[in-house]
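with the input below, show me the fold.
(one chain, ligands or ions: 3)
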Amino acid sequence: MAIEPISEYPQLNPERIPEHVAIIMDGNGRWAKQQGHMRIFGHKHGVNAVRNSVEFAAEIGVRYLTLYAFSTENWNRPPLEINALMQLLVDTIEKELPNLMKNNIRLKTIGNRSQLPKRCQRQLEETEKATENNTRTTLILALSYSGRWDIIEAVKKISSDVQTGGIKVDDINEDTLNNALNTAAYPNPDLLIRTSGEMRISNFLLWEIAYSEIHFTRVLWPDFRKEHFLEAVLDYQKRERRFGKTSDQIEPVQKGANTA
Ligand code: IPE
Ligand code: IPE
Ligand code: MG
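Ligands and ions are numbered 1, 2, ... in the order given. Alright, predicted model coming up:
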C-alpha cells in the first residue's frame, strides 16, 4: 500500500524518508563574527536552528535525529566559551521541554556525560525522564562525544567480557561492537548533514556513518532552517544507496524515487 504524501512537503517521497539523520551543527562562531559579535552570540542563535530542525524532523517522520552539540575536542576551547555553552545547554533544554512534549519528542544523549557540569547532568536526567514515553522522534544530543572515544570505550567493555569468559575472541563480530557503542539502541544514520562549508567529519559517529549519505551545505548553523533541511532530504532522496551491490540489484522503490 502506498504511503500518503506529506501534505506540507509534497515534493518529498514519503517512502524514502531517512529513518535517522545526524547533523554536525557548525558555523556559529563565524556567523557571530560576521555581525561583529562574540562567538557565544552565534551559539545562542544556533538554538533557533535546533528548534527548526527538531520540528522538521518530527513533521516529516524522521525517527532519530542526532545533533553534534559538543565534541571531546571542544573541551580545548577557551573556558569562557565552554562555560557559556554549558549554561546555554541547561537553559535550552529546560525552556524547550514544553515543545518536546507538544511534538512528542524523546530526548537522549550519547557521549561522556560524567564530564559535564553537575547541573547539566541533572537537567538532562530530568528531561530524559519527562520525555521517556514520547514516541514520534528521538532527539539524540552528542555531548562530550567523539567517535574514537566511543570506540575505545566499546573495546574496553568487549575486552573485559573476553577476560571474564563472557565472550570468545573468535565470536567478536560487527554486532558485538554495535552493541557496545553508545549508539547501540539506534539504527545507523541514513543521512549526515554538515553545515558551514567544512567538509570533514571531526570525529563524529565514525563507526556508524560507514554507509551514510553525506550532504554538505555552506549555510552557517544559526541560519539553518526547515528549507535547508528539506533540501538535504531531497538530495538524499536522489541518491542510489548501493551498499556494495550493482545498480541493477537495487530495489525498484529506490530506483523509482531515483528517476523521479
Ligand atoms: C559549532 O559552531 C558549535 C560547536 C562546535 C559547539 P562553532 O563554534 O564551531 O563555529 P565556527 O566553526 O567557529 O564558525
Ligand atoms: C564539530 O565542530 C563539533 C561540533 C559541531 C560539536 P568543530 O567546529 O569543533 O569542528 P572542527 O574543529 O572545525 O573540525
Ligand atoms: Mg566549527
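
isn't residue 178 up against residue 185?
No: between residue 178 and residue 185 no contact is recorded; they are 10.1 Å apart, counting by CB atoms under 8 Å. (Each C-beta comes from the backbone N, C-alpha and C, glycine too.)

of those two, which one has the most company?
Relative neighbour count places residue 178 above the other of residue 178 and residue 185, with 16 against 12, counting by other CB atoms under 10 Å.

which stretch of helix or strand covers that one?
helix 174-180 (DSSP states H and E).

any idea of the mean pLDDT in that helix?
Rounded to a whole number, the mean pLDDT of helix 174-180 is 98.

list the contacts for residue 106?
By CB atoms under 8 Å, 6 or more residues apart in numbering, the contact list for residue 106 reads 100, 128, 131-135, 137-139.

hmm, which of these are the buried ones?
Taking 16 or more other CB atoms under 10 Å as the criterion, what is buried in these is 100, 131, 134, 137-139.

which residues of the stretch 1-150 of the chain lie near ligand 2?
24-26, 68-71, 74 (CB under 6 Å from any ligand atom).

quick one: terminal-to-terminal distance for stretch 180-200?
Using CA to CA, to the nearest Å, the end-to-end distance of stretch 180-200 comes to 25 Å.

and that stretch, what's buried?
Of the residues in stretch 180-200, those buried under the neighbour-count criterion (16+ other CB under 10 Å) are 180-183, 186, 188-196.

for stretch 208-226, same thing?
Burial within stretch 208-226, assessed by neighbour count using 16+ other CB under 10 Å, is assigned to 208-209, 212-217, 219-224, 226.

now stretch 20-40
For stretch 20-40, by 16+ other CB under 10 Å, it's 20-32, 39-40.

also stretch 4-11?
Burial within stretch 4-11, assessed by neighbour count using 16+ other CB under 10 Å, is assigned to residue 9.

which ones, among the residues of the stretch 1-150 of the chain next to ligand 2, also lie beside ligand 1?
Intersecting those with the contacts of ligand 1 gives 25-26, 70, 74 (criterion: CB under 6 Å from any ligand atom).

near ligand 1, which residues of this protein are found?
Applying CB under 6 Å from any ligand atom, we find that the chain lies next to ligand 1 at 25-30, 70, 74, 85, 196, 221.

quick one: the helices in the stretch 1-150 of the chain?
28-34, 39-60, 79-102, 118-131, 147-163 (DSSP state H, counting those that start in this stretch).

picking up where we left off before, for the buried ones among the contacts of residue 106, which one is nearest ligand 2?
Distance to ligand 2, by CB to the nearest ligand atom, is smallest for residue 139 among those, at 15.1 Å.

tell me what the closest one is bridged to.
In this structure, residue 139 has the following beta-bridge partners (DSSP bridges): residue 65, residue 107.

start at 39 instead
All right, first residue 39 from here; so that's residue 177.

where does the stretch 39-188 of the chain dip in pLDDT?
Judged against pLDDT under 70, the low-scoring parts of the stretch 39-188 of the chain cover residues 39-40.

now do the contacts for whatever residue of it ends up closest to ligand 1.
Sorted by distance to ligand 1 under CB to the nearest ligand atom, the residues of the stretch 39-188 of the chain start with residue 67, at 2.8 Å. Taking CB under 8 Å, 6+ apart as the criterion, residue 67 is in contact with 77, 80.

can you check residue 185 too?
Residues counted as contacts of residue 185 (CB under 8 Å, 6+ apart) are 239, 241-246.
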